[in-house]
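Colleague: fold the following, please.
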Amino acid sequence: MVGGRARARSPRQLTQDPKAWPEQASADPAADAVRQIARTLAQALDGHGLSLRAAAAGSGVNRQAIADLLAGRSWPDVATVARLTHFTGTTLWPDSINIERKRTH
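Modeller: This next block holds a predicted model:
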């Protein structure tokens, strides 16, 4: 698996309170990026009054893949994020990821 053991757990599982997904930030930068993508996508779909079925049909992304992204159960690939970005007309990738960095030196 790409990402190795770091992606063995879902983004949702990498938050302190998985039940609070996607409102609960994650200390893991990749999981937090997915969380922000999920939040922004949910807002875009809601704002346009779109169902998962309509989003899947319009974007070409599998409905279950969208549901898993929104629920924090999966690590979306670049193609998925790009297709959903194009379909919604909303930039899904976060401008920044605000978490504390661990110093290794």
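Colleague: show me the contacts for the residue most central in space within the chain.
Modeller: Per C-alpha atoms, centre = their mean, the C-alpha nearest to the average position across the chain is that of residue 34, at 3.1 Å. Taking C-beta atoms under 8 Å, 6 or more residues apart in numbering, we find residue 34 in contact with 11, 69, 72, 75, 76. For the C-beta atoms, the positions are set from N, CA and C on the backbone; glycine is no exception.
Colleague: buried only: go through these for me.
Modeller: Buried members of these, scored by 16 or more other C-beta atoms under 10 Å, are 11, 69, 72, 75, 76.
Colleague: got those as a markdown table, with pLDDT, secondary structure and distance to residue 19 columns?
Modeller: As requested, these are exported to a markdown table (pLDDT from 0 to 100; DSSP: H, G, I helix; E, B strand; the rest coil; distance: C-beta to C-beta, whole Å):
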| residue | pLDDT | secondary structure | distance to residue 19 |
| --- | --- | --- | --- |
| 11 | 96 | coil | 14 |
| 69 | 98 | helix | 18 |
| 72 | 97 | coil | 11 |
| 75 | 97 | coil | 20 |
| 76 | 97 | coil | 21 |
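Colleague: any idea how far residue 95 lies from residue 44?
Modeller: Distance from residue 95 to residue 44, counting by C-beta to C-beta, to the nearest Å: 16 Å.
Colleague: the more surrounded of those two?
Modeller: Between residue 95 and residue 44, residue 44 has the larger neighbour count (other C-beta atoms under 10 Å), namely 19 against 7.
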